[in-house]
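[1] pasting the sequence and the predicted coordinates here, then a few questions.
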Amino acid sequence: MANNITRYSYNPTNFPQLEQMSARENQSERSHSSTPMKDRSHEEAFPARLASARIRRPSGTSEEFLLNRNKPIKGVGYSTSSTATASTGTSKPGVLCMTDGLDLCVGVAVGGENPSQNKGKARIFHVMPENRRAQWQIKSYIDELRSQGYSPKAAIHGGDSSSRASVSKVDAIQATLGAMDVPVEFSRTGAGASNGNGPLGAVVEENGTVRFVTALVKG
């Protein structure tokens, strides 16, 4: 069961400050509590200790997410299967979806916005170079967003420019988004060898807009 849980609570007095929720706590947060949980047996857990170590003081940038001990985040690790890609998403305002540990891997944040209804959706994909179907799974999600009336946008972060496999995966993702005419708010890739990259997240705001996040800050 624990492998299937992607929700993490924030407690600034603990370390790690981000802690995986219990099965009972997780169930109480689910919008569709009667729906079976996604099988994540092929996934490694979200690196909560690493993400906790990166939490910093606010500096006022638009890419910061202010943590709140009363609102969990959703964190995803990576898939060990070549045919599956780890991802997590939400349509709930104020709930951050994020990943970390993007040394060779690539994080892709996809948001869908419907301004006329003040609604949005957000999803984070953690793509390993070995996840050979990742770009097609991202494409499928974007197609789904458009079919539901959402306008998609994306952000890319991670990868290592010294790894041919990593660069190839970044190129494939960028080509897919370009072919679909998806606006990319930023693409910051290739620094895995020098700084290990950092987190990437997406959050739906109260007005339905989607904001992309690259830093967690203390609440």
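    Done, it's in.
[2] low-scoring pLDDT stretches of the chain, where are they?
    Residue ranges of the chain with pLDDT under 70: 1-3, 32-34, 193.
[3] next structured bit after the biggest helix by length in the chain?
    What stands out as the longest helix in the chain, according to DSSP state H, is helix 164-179. Scanning forward in sequence from helix 164-179 by DSSP states H and E, the next helix or strand is strand 184-189.
[4] and that next one, what's buried?
    Within strand 184-189, the residues that count as buried by 16 or more other Cβ atoms under 10 Å are 187, 189. Glycine gets a C-beta too; all of them are placed from N, C-alpha and C.
[5] from the contact counts, what lies against that strand?
    strand 151-158, helix 164-179 (3 or more Cβ pairs under 8 Å, 6 or more residues apart in numbering; DSSP states H and E).
[6] need the ones you listed in CSV (columns: distance to residue 209).
    Shown next, in CSV, are the helices and strands packed on strand 184-189 (distance: least, Cβ to Cβ, whole Å):
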stretch, distance to residue 209
strand 151-158, 10
helix 164-179, 19
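[7] which of those sits closest to residue 197?
    With Cβ to Cβ as the criterion, residue 197 lies closest to strand 151-158 of those, at 4.7 Å.
[8] neighbouring strands for the closest one, and are they parallel or not?
    strand 106-114 (antiparallel), strand 184-189 (parallel) (DSSP bridges).
[9] that older thread, quick one: closest of the helices and strands packed on strand 184-189 to residue 133.
    helix 164-179 (10.6 Å).
[10] how about TSV for the strands paired with strand 151-158, with distance to residue 87 added?
    Formatted as TSV, these follow (distance: least, Cβ to Cβ, whole Å):
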stretch	distance to residue 87
strand 106-114	9
strand 184-189	18
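[11] so which of those is nearest residue 45?
    strand 106-114 (16.0 Å).
[12] quick check: buried residues in whichever helix or strand comes after the closest one?
    Once the chain leaves strand 106-114, the next helix or strand it forms, by DSSP H and E, is strand 119-127. For strand 119-127, the neighbour count (16+ other Cβ under 10 Å) marks 119, 120, 121, 122, 123, 124, 125, 126, 127 as buried.
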